[in-house]
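Asks: Give me a 3D structure for the following:
(one chain, ligands or ions: 1)
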Amino acid sequence: MDIEVEGLRRRFGRVTALDGVDLSVPGGMFGLLGTNGAGKTTLMRVLAGVLPPTGGRVRVGGHDLTRRAGRRAVQRRLGYLPQDLGLYPDLTPAQFLDYIGLLKGLDDARARRRQIDELLTVVNLEAVAKRRMKGFSGGMRRRVGIAQALLGDPAVVIVDEPTAGLDPEERVRFRILLAGLARDRTVLLSTHIVEDVAQTCRAIAVLTAGRVVFTGPVADLTARADGRTWELTTPGPPPPGAVVVSAVARPDGNHYRLISPVPPAGATPTRPTLEEGYVAMVRGITPVAA
Ligand SMILES: Nc1ncnc2c1ncn2[C@@H]1O[C@H](COP(=O)(O)OP(=O)(O)OP(=O)(O)O)[C@@H](O)[C@H]1O
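Replies: Numbering: from 1, shown residues only. As a prediction, this is how the structure comes out:
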């Protein structure tokens with residue numbers, strides 16, 4: 001099931017959250033990066049069929065999401081993990097999934113239970129399947145969220161900021177889980193954590209102020225900072241004018257990674273990371289070859 005978006009607009013009163021988004025999402029894992037307020041959640045909600053667009057063309061698996069019938073059809077065939085999925089603390093994961101399965105129209109009780117058992121294994125929650133969810137860690141809650149998104153075996157799974165608030169170990173575990181799912185389906189991952197997409201996504205889009213400003217392979221976004229990244233160790237502050245991507249205090253001084261169109265005094269050139277390509281893109285710094 002592929003996703004095709006053309007000239008998508010969504011307004012909330014006077015706020016234009018999406019301002020003519022064009023996007024084509026192939027299979028596998030696709031990352032959507034953007035700063036706070038860029039419109040990621042709004043785009044995810046439109047694609048999941050829970051929010052109608054104000055204008056433009058949106059098709060998911062051939063269903064027209066500008067029409068109510070198209071949105072209904074997609075809601076049944078697509079898995080969505082929203083940023084703020086509410087769990088019922090007094091239910092067990094198995095009970096919660098049973099309830100969501102019913103809402104998704106999985107009417108055959110035996111088939112539904114079989115699928116829930118399988119999913120609890122996939123997300124590694126079978127040991128706590130019969131424990132109430134109150135007291136679950138952030139990672140456990142996200143895994144319940146992914147399991148509910150996978151009910152009904154959707155061909156497209158949309159996950160919004162899935163690793164926010166997770167500790168580093170849980171974050172890595174969650175990334176591996178998503179990458180596994182993307183082997184035979186489309187997974188659209190929205191985040192502002194560049195590291196989440198660096199390891200796992202084949203292709204990526206960057207959203208800024210409601211518009212897609214980049215779409216392509218991960219390596220092409222990294223290349224946006226070609227010839228513009230520098231390392232500098234100094235006892236003092238960073239040089240003025242340079243964008244500081246990281247600063248680490250070491251015994252020999254402060255170690256900075258910088259983005260700058262001109263070489264900062266005393267700095268040595270270094271190969272860019274994806275994060276640096278992303279920052280250069282968002283800050284409007286062009287690569288040397290451009
Ligand atoms: N229901 C709503 N009512 C009014 N304004 C909204 C609504 N939802 C989103 N917006 C506005 O639309 C813009 C885009 O918001 P959105 O949540 O889509 O961004 P985001 O990229 O997901 O941000 P974040 O990374 O902070 O979650 C913001 O200006 C936001 O205030």
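
Asks: From now on I want contacts and neighbour counts done on CA atoms only, so please keep to that.
Replies: OK.

Asks: So what touches stretch 26-44?
Replies: 1-3, 10, 17-18, 51, 83, 158-160, 179, 182-194, 197, 200-211 (Cα atoms under 8 Å, 6 or more residues apart in numbering).

Asks: Stretch 54-69 too?
Replies: Here stretch 54-69 has contacts from 1-11, 20, 46-47, 49, 52-53, 70-71, 73-74, using Cα under 8 Å, 6+ apart.

Asks: Mark which of those residues are buried, thanks.
Replies: Among the contacts of stretch 54-69, those classed as buried by 16 or more other Cα atoms under 10 Å are 1, 3-5, 8-10, 20, 46-47, 49, 52-53, 70-71, 73-74.

Asks: So which of those residues reach the ligand?
Replies: Among the buried ones among the contacts of stretch 54-69, proximity to the ligand is found for none (Cα under 6 Å from any ligand atom).

Asks: Enumerate the residues of the protein near the ligand.
Replies: Residues of the chain lying close to the ligand by Cα under 6 Å from any ligand atom are Phe12, Ala17, Gly34, Thr35, Asn36, Gly37, Ala38, Gly39, Lys40, Thr41, Thr42.

Asks: Go again with 8 Å.
Replies: Proximity of the chain to the ligand (Cα under 8 Å from any ligand atom) is limited to residues 11-13, 15-18, 34-43, 83, 161, 191-192, 207, 209-210.

Asks: Which other helices and strands does the host helix or strand of Val159 contact?
Replies: Element membership for Val159 (DSSP states H and E) is strand 156-160. On a contact count with 3 or more Cα pairs under 8 Å, 6 or more residues apart in numbering; DSSP states H and E, strand 156-160 meets helix 40-47, strand 78-81, strand 186-191.

Asks: Please enumerate the strands of the stretch 101-250 of the chain.
Replies: 156-160, 186-191, 203-208, 211-217, 229-234, 243-250 (DSSP state E, counting those that start in this stretch).

Asks: Tell me which entries of the contacts of stretch 54-69 lie within strands.
Replies: Under the assignment DSSP state E, these contribute Ile3, Glu4, Val5, Glu6, Gly7, Leu8, Arg9, Arg10, Arg11, Gly20 to strands.
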